[in-house]
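S.K.: sequence-free structure coming up:
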């Protein structure tokens with residue numbers, strides 16, 4: 001028997017979602033800070049940058065997690081590799097290599113508690129039954145799922161989806177009845193859910209994080225012709241066609257900031273800063289070169305040199321003026337700067 005205190009019942013901990021064997025907790029404030037990081041922690045909490053953890057109740061269902069995600073476990077918990085023979089190992093190795101996931105995902109069974117590592121990303125719980133019993137995940141989003149779900153690497157409908165879509169040739173698909181947890185860059189409240197009934201969704205960018213396996217994913221031109229697609233500034237778009245559901249982020253990682261006319265503003269940033277740096281470097285180099293010439297007497301005909309006949313150079317302080325003697329200027333002295 002065990003008893004846990006000051007964990008989910010802590011005043012600073014809030015359970016933000018619960019589904020199946022999983023519950024997601026969120027720390028409202030980061031109290032383990034130093035004076036130097038207090039300001040950052042305060043404003044991070046104000047902007048919803050908070051630590052989150054996934055708590056798994058193994059008494060409800062065995063759980064499969066991403067390798068290295070476990071933080072601590074309590075009670076009667078057994079961990080296995082989930083590999084059933086040599087053939088199963090090679091199958092999982094190929095699937096992991098193709099989808100970008102870990103080859104071996106440990107499975108935890110028993111009747112205890114499993115807590116995963118904290119993260120600042122948003123943890124989204126999905127009931128695969130709501131997706132028609134099969135859902136495809138974007139690369140690198142899988143965190144955990146109930147072990148009743150089967151893992152499968154699905155291939156794109158055509159090679160263009162992998163080459164031009166930036167999504168890779170394979171993705172991880174979860175099949176069966178159960179709950180899965182994925183990591184996203186935005187909270188559940190901001191995710192856009194689109195249901196297609198024999199229709200088409202076109203997205204310019206990698207905003208989609210999950211979609212039904214019944215949908216065909218391809219990459220196509222945004223317009224009817226190649227010239228029209230180039231003129232619109234969109235070029236190629238990700239197309240989801242058929243009947244099913246799509247879960248999409250509104251902003252993703254901000255890769256598609258645009259100006260009017262379809263010109264991608266992000267493409268202008270590096271050349272602009274390079275031009276500014278080169279321009280300022282040339283100007284500053286010319287300025288210092290002229291200053292050195294003036295100070296060292298290299299430009300004896302310059303007005304500054306003629307106006308300061310008794311100037312001397314101090315490497316640390318620049319130009320200094322010696323006091324004029326009374327013989328030179330009739331007794332008027334200019335103090336040293």
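M.R.: Received, thanks. None of the values given here were measured: they were computed from a predicted structure.
S.K.: can you give me the strands in the stretch 1-150 of the chain?
M.R.: With DSSP state E, counting those that start in this stretch, the ranges of strands along the stretch 1-150 of the chain come out as 13-19, 22-27, 52-57, 63-65, 70-74, 77-80, 107-110, 113-116, 122-127, 134-137, 142-146, 150-155.
S.K.: other SSEs contacting the fifth one?
M.R.: Yep, that's strand 70-74 we're talking about. If contacts are counted by 3 or more Cβ pairs under 8 Å, 6 or more residues apart in numbering; DSSP states H and E, strand 70-74 sits against strand 113-116. C-betas here are computed from N, CA, C, even on glycine.
S.K.: what pairs with the strand it packs on, and is each one parallel or antiparallel?
M.R.: The strands that strand 113-116 pairs with in its sheet are strand 52-57 (antiparallel), strand 70-74 (antiparallel) (by DSSP bridges).
S.K.: what would the strands of the stretch 1-150 of the chain look like in JSON lines with distance to residue 220, mean neighbour count and mean pLDDT?
M.R.: Compiled in JSON lines, those are given as follows (distance: least, Cβ to Cβ, whole Å; neighbours: other Cβ atoms under 10 Å; pLDDT from 0 to 100):
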{"stretch": "strand 13-19", "distance to residue 220": "35", "mean neighbour count": "14", "mean pLDDT": "96"}
{"stretch": "strand 22-27", "distance to residue 220": "36", "mean neighbour count": "20", "mean pLDDT": "97"}
{"stretch": "strand 52-57", "distance to residue 220": "37", "mean neighbour count": "21", "mean pLDDT": "97"}
{"stretch": "strand 63-65", "distance to residue 220": "35", "mean neighbour count": "25", "mean pLDDT": "95"}
{"stretch": "strand 70-74", "distance to residue 220": "42", "mean neighbour count": "14", "mean pLDDT": "96"}
{"stretch": "strand 77-80", "distance to residue 220": "44", "mean neighbour count": "14", "mean pLDDT": "92"}
{"stretch": "strand 107-110", "distance to residue 220": "39", "mean neighbour count": "17", "mean pLDDT": "95"}
{"stretch": "strand 113-116", "distance to residue 220": "38", "mean neighbour count": "22", "mean pLDDT": "97"}
{"stretch": "strand 122-127", "distance to residue 220": "27", "mean neighbour count": "20", "mean pLDDT": "96"}
{"stretch": "strand 134-137", "distance to residue 220": "18", "mean neighbour count": "22", "mean pLDDT": "94"}
{"stretch": "strand 142-146", "distance to residue 220": "27", "mean neighbour count": "24", "mean pLDDT": "96"}
{"stretch": "strand 150-155", "distance to residue 220": "18", "mean neighbour count": "17", "mean pLDDT": "85"}
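S.K.: and of these, who's closest to residue 214?
M.R.: Judged by Cβ to Cβ, the one of the strands of the stretch 1-150 of the chain that comes nearest to residue 214 is strand 134-137, at 7.4 Å.
S.K.: ok, that closest one: who's next to it in the sheet?
M.R.: Using DSSP bridges, the strands paired with strand 134-137 in its sheet are strand 170-175 (antiparallel), strand 208-212 (antiparallel).
S.K.: pretty sure residue 180 contacts residue 145?
M.R.: Yes. Under the criterion of Cβ atoms under 8 Å, residue 180 makes contact with residue 145 at 3.9 Å.
S.K.: overlap in contacts of these two?
M.R.: residue 174 (Cβ atoms under 8 Å, 6 or more residues apart in numbering).
S.K.: returning to that earlier point: can I get the strands paired with strand 134-137 in JSON lines with mean pLDDT, mean neighbour count and distance to residue 153?
M.R.: Converted to JSON lines, the strands paired with strand 134-137 look like this (pLDDT from 0 to 100; neighbours: other Cβ atoms under 10 Å; distance: least, Cβ to Cβ, whole Å):
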{"stretch": "strand 170-175", "mean pLDDT": "89", "mean neighbour count": "22", "distance to residue 153": "5"}
{"stretch": "strand 208-212", "mean pLDDT": "94", "mean neighbour count": "23", "distance to residue 153": "15"}
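S.K.: let's have those in TSV, adding distance to residue 21.
M.R.: As requested, the strands paired with strand 134-137 are exported to TSV (distance: least, Cβ to Cβ, whole Å):
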stretch	distance to residue 21
strand 170-175	15
strand 208-212	19
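S.K.: nearest to residue 40, out of those strands?
M.R.: Of the strands paired with strand 134-137, nearest to residue 40 by Cβ to Cβ is strand 208-212, at 27.9 Å.
S.K.: who's in contact with that closest one?
M.R.: Outside strand 208-212, the residues touching it (Cβ under 8 Å, 6+ apart) are 126, 131-132, 134-138, 141, 182, 184, 191, 217, 238, 240, 243-249.
S.K.: just the buried residues of those residues.
M.R.: For the contacts of strand 208-212, a burial check counting by 16 or more other Cβ atoms under 10 Å picks out 126, 131, 134-138, 141, 182, 184, 191, 217, 238, 240, 244-249.
S.K.: helices of this protein, start to end?
M.R.: 38-46, 86-99, 159-163, 226-232, 269-296, 303-307, 326-329 (DSSP state H).
S.K.: which non-adjacent residue is nearest residue 45?
M.R.: Nearest residue to residue 45 in three dimensions, chain neighbours excluded: residue 29, at 5.4 Å (Cβ to Cβ, 6 or more residues apart in numbering).
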